[in-house]
Structure formats: C-alpha cells, structure tokens
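1. Sequence first, then the predicted structure:
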Amino acid sequence: MIGTKSVLLLIGLLWVVPAWAQHQQPAPHRGPSDIKQYIEQLEKPEREKDQKPDEVVKALEITDYMTIADIGAGSGYFTRKFVWAVQDKGMVYAVDVEPAMLKYNEDMIEHLHTPYNAKFIVSKPNDPMLPAGAVDLVFICNTYHHLEKRADYLKRVKASLTKKGRVAIIDFYHDDRSGTLGFPKDHLVPQETVVKEMAEAGYTLAKEHTFLPRQYFLEFIVGEKPKAGGE
Ligand SMILES: C[S@@+](CC[C@H](N)C(=O)[O-])C[C@H]1O[C@@H](n2cnc3c(N)ncnc32)[C@H](O)[C@@H]1O
C-alpha cells in the first residue's frame, strides 16, 4: 500500500523535476563558443568582395548629423562604418538580442580611436527598444530573416523613426543568386515578401539598389511615395 507521505513525495517530485529540467534546457541564444565562430564568420575579410560595405554606406547618402540604428548589428561590421560616417555629430544605435555580440561590437568601436556617439541596446526579440521619433535611418542587414512576426516588429520600428525616416533592408536572395550560405535557404525571405510585409507595416518601397550580387538592398519610407514634383 502507498501511504499519504509517499503520495505527497511523488506529487512533489512531479512538480520539482519538470521545473529543474526546464532550467537545464539550452539558452535561447548561442553560447560563447558559437558566438566566437559567428563573429569570425561576420568579420571574415572575404566578405568585403560581395558585401561591398563602403558602396552600401555611400548609397545610403548618410550625412554628419544623422541618427542611425543598426538592428541586428552583430559584431559591428556595419556599425563601425556608420560610426565613422557620423562621428560625434550624429548618433548610432547598435541593436541586438545577443549581449556578447554587442560587447564585441563596442570594443571594436573603441579601437577606431575616433570621437563618437553610440548606444548599444540589448533588445527584445520582438522589440528593438529604440527611442520614439529619433532615428533617421534604420539599417537591417542579414537580420530581417531572423525576425519573427515581422510586420509587427516593423510597426514598432516605425515609432522610432523621424518624419522623413527610412528603413534599409539588405538580405540574401532566397534562390541561387545568394550562393552557398551554410544554412538552408528556406530560412530566407524573398524580396517580394519583404515588400508585402513592409506594406502591411505601413511602408512603401522608395529605392532599390542592385549592385550587391547575392543580396537585395531595399529602402523604404513611411506611408506613400511622394508624387514626382511634390514636396
Ligand atoms: C547574420 S547576423 C548580421 C549581423 C550584421 N547585421 C552584419 O551584417 O554583419 C544577425 C544578427 O541579428 C541578431 N538578431 C537575431 N534576431 C534578432 C532580433 N529579433 N532582434 C535583434 N537582433 C537579432 C543576431 O544576434 C545576430 O547578431
């Protein structure tokens, strides 16, 4: 016969064990060894050939006093370019869900030995946590396909933009044009889907840059595109 004490013990175990097991599950983000590899991959010198970072920055027509948010900033491959472009006249927000990435990003900016204004935001997966009405240019490179509920996310991004704010999205083509990536292409978001989701979030495609061989590069504005000859 099972006594009351045994039943209570069993109930206790049934409650405690799953709670313990839950804590043993891997953290939702990559651990430090993965992060090291991830950073190496993002920073590899060969990336320059196809990513053309200087041409990207030039195409974005950045001016000194701009505030730029680099969402999914990672190791800072582009953050450093933006910091260099606006120095201490403008402002750069580096936004990422992964604190170790932002730590590396910040350390590398220190090495630029230039005066700058930058903030490093450890964001939530569904919220970039940017200040309202402050950002002239939101830049999202190779990160759009990481976002969940993208239209909702981009609505939050909209609240951070200034009146004439823009959102630039670069991501890999979901077909052969992107070449070998090291992950399945069904994780990627086709360009037409980006345009559709951005429209759902209240944006219009304003410019398409076509000089990147493996990625689309799209610029969006909030609302409708102004008619030619208008304000
Ligand atoms: C492929 S890396 C791109 C890094 C950088 N933009 C570049 O081009 O070098 C994607 C980055 O997005 C970050 N990330 C993933 N999901 C995110 C989210 N929901 N919000 C912000 N950052 C996110 C990852 O931690 C990672 O640093």
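-> Received, thanks.
2. C-alpha from now on. contacts and neighbour counts both.
-> Will do.
3. What parts of this protein come near the ligand?
-> For the chain, the contact set with the ligand under Cα under 6 Å from any ligand atom comprises 42, 71-74, 77, 95-98, 125-126, 141-143, 146-147.
4. Out of the residues you listed, list just those in helices.
-> Residues of these located in helices (DSSP state H): Leu42.
5. Please, where are all the strands along this structure?
-> Ranges of strands within the chain are 67-71, 91-96, 118-122, 135-141, 161-172, 203-209, 215-222, based on DSSP state E.
6. Spatially central, which residue of this structure would that be?
-> Note on the chain: the residue nearest the mean C-alpha position is Gly72, at 2.2 Å, using Cα atoms, centre = their mean.
7. and the gap between that one and His146?
-> Note on Gly72: its distance to His146, by Cα to Cα, to the nearest Å, is 9 Å.
8. cool, Gln87 as well?
-> Gln87 is 29 Å from His146, by Cα to Cα.
9. So for those two, which sits in the more crowded spot?
-> A side-by-side neighbour count of Gln87 and His146, using other Cα atoms under 10 Å, places Gln87 first with 20 against 12.
10. Now do the contacts for that one.
-> By Cα atoms under 8 Å, 6 or more residues apart in numbering, the residues touching Gln87 are Asp64, Thr114, Pro115, Tyr116, Asn117.
11. Ramachandran coordinates for the third one?
-> Main-chain torsions, Pro115, degrees, to the nearest 10: phi -70, psi 140.
12. correct me, but Met53 touches Phe78?
-> Rather than Met, residue 53 is Pro. Yes - under the criterion of Cα atoms under 8 Å, Pro53 makes contact with Phe78 at 7.1 Å.
13. which residues touch the residue nearest to the centre of the chain?
-> Going by Cα under 8 Å, 6+ apart, Gly72 touches Ala94, Val95, Asp96, Val97, Ile140, Cys141, Asn142, Thr143.
14. which residues touch the second one?
-> If I follow you right, that is Val95. Per Cα under 8 Å, 6+ apart, neighbours of Val95: Ala69, Asp70, Ile71, Gly72, Ala73, Leu102, Phe120, Ile121, Val122, Ser123, Pro128.
15. Need the pLDDT of it.
-> If you check Val95, the pLDDT there is 98.
16. hey, what's it bridged with?
-> Per DSSP bridges, the residues bridged to Val95 are Ile71, Ile121.
17. which regions of the chain sit below the pLDDT cut-off?
-> 1-33, 229-231 (pLDDT under 70).
18. Report the separation between Lys163 and the ligand.
-> Counting by Cα to the nearest ligand atom, to the nearest Å, the gap from Lys163 to the ligand is 23 Å.
19. Skip the chain neighbours and tell me the closest residue to that residue.
-> Gly133 (7.5 Å; Cα to Cα, 6 or more residues apart in numbering).
20. ok, now Tyr65?
-> Leaving aside its chain neighbours, Tyr65 sits nearest to Gly90 (4.2 Å; criterion: Cα to Cα, 6+ apart).
21. quick one, phi psi at the one you found?
-> phi -100, psi -160.
22. That one: how many residues sit nearby?
-> 18.
23. quick revisit: Serialize the strands of the chain to JSON lines and add fields for distance to Lys185.
-> Compiled in JSON lines, the strands of the chain are given as follows (distance: least, Cα to Cα, whole Å):
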{"stretch": "strand 67-71", "distance to Lys185": "21"}
{"stretch": "strand 91-96", "distance to Lys185": "22"}
{"stretch": "strand 118-122", "distance to Lys185": "27"}
{"stretch": "strand 135-141", "distance to Lys185": "16"}
{"stretch": "strand 161-172", "distance to Lys185": "9"}
{"stretch": "strand 203-209", "distance to Lys185": "22"}
{"stretch": "strand 215-222", "distance to Lys185": "13"}
